[in-house]
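Participant: For reference, the sequence and a predicted model appear below.
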Amino acid sequence: MAGFFDGVVPGDEVTYGKATFRLPILYFRDDFFALFFSADADRVRAALPSNSLHPLTMKGRAFIGIGAYNYIDTSIGPYGEVGVVVPVVYGRKPAPILPLLMESRYSGFGMVVLHLPVTTLVARDAGRGVWGYPKFTSDMRFVITPEFMECRLSEGGKHIFTIRVARRGIPIPDRRPLITYTVKDGDLIKTTVQQRAIFRVSFKPRGSFLELGDHEVADSLRDLGISTKPIQSRYALQRFGILPEGEVIESGVRPLEGYRGQDREGSLEVAFTED
């Protein structure tokens, strides 16, 4: 049986800003955990760059996802990343769904990326240069324990937010790709990230929380009417990924720059504890 990375051929070197690398980018090992919240549907819809992107809704509310990645082993080196995303369908407007079906098999299902802080200038410049990912550099402190996984995100000492996910839930193997939607030079970019993972998913995420700080990114979440309690948590028991170049699926869309931050290296601290 062929392995997941078999047949992947690195392309020519490309350079964007401080980043020189080859595509696709390979992800061999990481710590991943995420929470999903409800949010004001009209405000979320207004934040999307295209009228062909429709947020998934339940009882008149849209969803916001916040996921943290401690990338331990990748083809561009280790770094931290936290994504703020909106689950959407591109094309036909989806029917309202139940939380159990958030990971829908709708054609066009994916995640619009609103903010994507990272800890290195290489990751920032690569992400903005190739895909238009709304990246900025920040400081991250991960705490990984047998009971929970946590990331505190800050910029120059200013607290952005802290996310904690309790280690509980149902194990679910997942071979579906992660699809992201971003904007670069007025074009809507669809990127299909092949992945193999086993997630633990909980629809009653006790012990998991998001603590918002006093930063512009935290304010943007408040402006979207994000709920105080999560409606779903997940973390990866294992995960592998292949990030290729994206494809243009629509032109002349609205900008989606996200928060740009300062031109500085971030910091990454990871603490593995038994407590």
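Facilitator: All right, it came through fine.

Participant: Do a quick rundown of the helices in the stretch 151-275 of the chain.
Facilitator: 216-223 (DSSP state H, counting those that start in this stretch).

Participant: Below-threshold pLDDT in it: ranges please.
Facilitator: 275 (pLDDT under 70).

Participant: show me where it has strands.
Facilitator: With DSSP state E, counting those that start in this stretch applied, the stretch 151-275 of the chain shows strands at 158-166, 170-174, 178-184, 187-202, 209-212, 232-243, 247-251, 267-272, listed in chain order.

Participant: export those strands to CSV and tack on distance to residue 130?
Facilitator: Where C-beta positions appear, they are placed from N, C-alpha and C, glycine not excepted. Formatted as CSV, the strands of the stretch 151-275 of the chain follow (distance: least, CB to CB, whole Å):
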stretch, distance to residue 130
strand 158-166, 24
strand 170-174, 25
strand 178-184, 8
strand 187-202, 9
strand 209-212, 29
strand 232-243, 9
strand 247-251, 12
strand 267-272, 22
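
Participant: export the ones you listed to CSV and tack on distance to residue 220 and mean neighbour count?
Facilitator: CSV is the format used below for these (distance: least, CB to CB, whole Å; neighbours: other CB atoms under 10 Å):
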stretch, distance to residue 220, mean neighbour count
strand 158-166, 10, 20
strand 170-174, 29, 12
strand 178-184, 16, 22
strand 187-202, 20, 19
strand 209-212, 10, 16
strand 232-243, 21, 20
strand 247-251, 24, 13
strand 267-272, 23, 13
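
Participant: Of all those, which one comes closest to residue 81?
Facilitator: strand 267-272 (9.8 Å; CB to CB).

Participant: Can I get that closest one in PDB? Just the C-alpha atoms.
Facilitator: C-alpha atoms of strand 267-272 as PDB (Å, rounded to 0.1, in the frame of the first residue of the first chain):
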ATOM      1  CA  SER A 267       8.200  33.600  19.400                       C
ATOM      2  CA  LEU A 268       7.200  30.000  20.000                       C
ATOM      3  CA  GLU A 269       7.300  28.400  23.400                       C
ATOM      4  CA  VAL A 270       6.000  24.800  24.000                       C
ATOM      5  CA  ALA A 271       5.700  23.300  27.500                       C
ATOM      6  CA  PHE A 272       4.800  19.600  27.800                       C
END
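
Participant: distance between that strand and the chain's centre?
Facilitator: Relative to its chain's centre, strand 267-272 lies at 19 Å (CA atoms, centre = their mean, to the nearest Å).

Participant: elements contacting it?
Facilitator: When contacts are defined as 3 or more CB pairs under 8 Å, 6 or more residues apart in numbering; DSSP states H and E, strand 267-272 packs onto strand 139-144.

Participant: who does the strand it packs on touch, helix- and strand-wise?
Facilitator: Applying 3+ CB pairs under 8 Å, 6+ apart, we find strand 139-144 packed against strand 61-74, strand 79-90, strand 148-155, strand 267-272.

Participant: In the first one, which residues are buried?
Facilitator: To tie it back to what came earlier, the one meant is strand 61-74. 61, 62, 63, 64, 65, 66, 67, 68, 69, 70, 71, 74 (16 or more other CB atoms under 10 Å).

Participant: closest to residue 265 among the residues you listed?
Facilitator: residue 71 (15.7 Å).

Participant: these two touch, right, the closest one and residue 25?
Facilitator: No - here residue 71 does not reach residue 25: they are 9.8 Å apart, not a contact under CB atoms under 8 Å.

Participant: measure residue 121 to residue 151 for me?
Facilitator: 19 Å (CB to CB, to the nearest Å).

Participant: can you check residue 181 too?
Facilitator: Per CB to CB, residue 181 is found 23 Å from residue 151.

Participant: what's the answer for residue 97, then?
Facilitator: 28 Å.

Participant: Need the buried residues of strand 61-74 in JSON lines (columns: pLDDT and distance to residue 188).
Facilitator: JSON lines is the format used below for the buried residues of strand 61-74 (pLDDT from 0 to 100; distance: CB to CB, whole Å):
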{"residue": "61", "pLDDT": "95", "distance to residue 188": "24"}
{"residue": "62", "pLDDT": "96", "distance to residue 188": "19"}
{"residue": "63", "pLDDT": "96", "distance to residue 188": "20"}
{"residue": "64", "pLDDT": "97", "distance to residue 188": "20"}
{"residue": "65", "pLDDT": "97", "distance to residue 188": "19"}
{"residue": "66", "pLDDT": "98", "distance to residue 188": "22"}
{"residue": "67", "pLDDT": "98", "distance to residue 188": "21"}
{"residue": "68", "pLDDT": "98", "distance to residue 188": "26"}
{"residue": "69", "pLDDT": "98", "distance to residue 188": "23"}
{"residue": "70", "pLDDT": "98", "distance to residue 188": "29"}
{"residue": "71", "pLDDT": "98", "distance to residue 188": "26"}
{"residue": "74", "pLDDT": "96", "distance to residue 188": "26"}
